[in-house]
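Asker: Sequence plus the predicted model coming up.
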Amino acid sequence: MAAKARTRPKQVEAPGGEPADTLREYYERMSLVRAFELRSSEMYARAKIGGYCHLNLGEEATVVGLMAAIETRDYLFTGYRDHGYALLRGLSPERVMAELFGKSTGISGGRGGSMHLFDSESRLFGGYGIVGGQIPPATGVALGLTYQQKPGPDAAAVMCLLGDGTTNIGAFHESLNLAGLWHLPIVYVIVNNGLGMGTTVEKAAAEPDLYKRGASYRIPGVRVDGDDVLAVRDAAREALQQARESRQPVLLEVMCYRLRGHSVVDPARYRSAEDTTIAQDSDPVPAFRAQLIAAGVLSETDAAAIDADAEARTTAAVTFADESPEPHPDDLFKYVYATSVANAPSALPGEPVMDAL
């Protein structure tokens, strides 16, 4: 992968001006996401999780920073790398892990799985398995908000997450055009980990500075270091403020690395040894841990206790998922239609047709 904003991780000074409790909380969140994703990878290898599974490993600072900026009244749309966002949107590790296991206690009753996490109460509207599938409905929700509320600091906004590869599809450009034309309260966040599956940004985009791609729609773009949780939070807060108060859509590009392949089953052989080293050296979790210890916010004992707690919560989530019941076959056709439909299927494969009538 060609170098993006840097070739080697920069030396970041100890965070200043932030309350110690806030910094500690951010590390707790990063540690939880890391532990949950490592255990998800393990459970996939043990065939507890089926289908596709995409992890936030290496993107924890991005996840925590974005979720620290968003308000409970805001709407969140994500792609399929969504586990960490669901956890930090307030969903319990138990229910998220149960959904990955396909169990009835999952947040969607086991119907969605890893790529389709959804919870309307927390305003988490996906989890989309189709690349870019989240962008048009997110834009539509932003349009709906313009009919329901006036601009202002207490207004709701939409945050729509997407990967770098998504910026080349038609739905991205069509949606940005409408958002710019109609002045919609939405922030499009490009989580740029440098690779669209196995293709570098430079080989896929004629304009690899992706934050500039909103210029033709008069949408301002901002690029931020995704390994810096505070920088991500502050940039996202400012963008959301513009969306709320001025109905100015914003394109925010967050630069980070993923530590693993595109999905759990991807060995990432397309990455050079140098690029892999850079990604590992940029790992935001141990870096932030070291910063807080150097600043006196945490001691080694404190950090170890936080990590142990994250492991314990993840272990409890796996136990809960393992012990949860499978969805019952009688519920197979529930939620196929929003309302009852005449002659809707109700029989399982192999059952006599007449018995189902």
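Answerer: Arrived safely, thanks for sending.
Asker: can we go C-alpha only for contacts and neighbour counts from here?
Answerer: OK.
Asker: any idea how far Ala321 is from the closest residue to Tyr26 other than its chain neighbours?
Answerer: Nearest non-adjacent residue to Tyr26, counting by CA to CA, 6 or more residues apart in numbering: Val64, 6.7 Å away. Per CA to CA, to the nearest Å, Val64 is found 24 Å from Ala321.
Asker: same question, Gly180
Answerer: Between Gly180 and Ala321 the computed distance is 43 Å (CA to CA).
Asker: More neighbours: these two, which one.
Answerer: Taking other CA atoms under 10 Å, Gly180 and Ala321 do not tie; Ala321 has more neighbours (26 against 22).
Asker: Check which residues of the strand or helix carrying the more buried one are buried.
Answerer: Element membership of Ala321 [criterion: DSSP states H and E] is helix 300-323. Within helix 300-323, the residues that qualify as buried are 303, 306-307, 309-311, 313-315, 317-318, 320-321, counting by 16 or more other CA atoms under 10 Å.
Asker: nearest to Ser108, of those?
Answerer: Proximity of the buried residues of helix 300-323 to Ser108 was ranked by CA to CA; the top entry is Ala321 with 13.3 Å.
Asker: Go ahead and confirm that closest one touches Pro93.
Answerer: No - taking contacts as CA atoms under 8 Å, Ala321 lies outside contact range of Pro93: 9.6 Å.
Asker: mind listing the strands for the stretch 101-250 of the chain?
Answerer: Secondary structure of the stretch 101-250 of the chain (DSSP state E, counting those that start in this stretch): strands located at 158-163, 186-192, 195-196, 199-200, 221-225, 250-255.
Asker: thinking again about what came up before, I'd like the average pLDDT over the helix or strand hosting the residue nearest to Tyr26.
Answerer: Taking DSSP H and E as the definition, one finds Val64 inside helix 60-69. Mean pLDDT, computed over helix 60-69, is 98.
Asker: after it, next one along is what?
Answerer: strand 75-77.
Asker: which other helices and strands contact that following strand?
Answerer: Counting contacts by 3 or more CA pairs under 8 Å, 6 or more residues apart in numbering; DSSP states H and E, strand 75-77 is packed against strand 158-163.
Asker: Output the strand it packs on as PDB, restricted to C-alpha atoms.
Answerer: What follows is strand 158-163, C-alpha atoms only, in PDB (Å, rounded to 0.1, in the frame of the first residue of the first chain):
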ATOM      1  CA  VAL A 158     -26.800  12.200  10.400                       C
ATOM      2  CA  MET A 159     -23.400  10.600  10.400                       C
ATOM      3  CA  CYS A 160     -22.800   8.200   7.500                       C
ATOM      4  CA  LEU A 161     -19.700   6.000   7.600                       C
ATOM      5  CA  LEU A 162     -18.100   4.500   4.500                       C
ATOM      6  CA  GLY A 163     -14.900   3.000   3.300                       C
END
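Asker: quick one: strands adjacent to that strand?
Answerer: With DSSP bridges as the test, strand 158-163 is paired with strand 75-77 (parallel), strand 186-192 (parallel).
Asker: That one - what's its average pLDDT?
Answerer: 97.
Asker: Tell me how far it lies from the chain's centre.
Answerer: Remark: strand 158-163 is offset 8 Å from the chain centroid, using CA atoms, centre = their mean, to the nearest Å.
Asker: Likewise for stretch 266-273?
Answerer: Offset of stretch 266-273 from its chain centre (CA atoms, centre = their mean): 22 Å.
Asker: helices or strands up against the helix ranked longest in the chain?
Answerer: When the chain is scanned for its longest helix (criterion: DSSP state H), the result is helix 20-45. Under the contact criterion of 3+ CA pairs under 8 Å, 6+ apart, helix 20-45 touches helix 60-69, helix 83-88, helix 284-294, helix 300-323.
Asker: Which residue is the nearest non-sequential neighbour of the residue nearest to the spatial centre of the chain?
Answerer: Residue closest to the average C-alpha location in the chain (CA atoms, centre = their mean): Asp82, at 3.8 Å. Among residues not flanking Asp82 along the chain, Gly127 sits closest, at 6.0 Å (CA to CA, 6+ apart).
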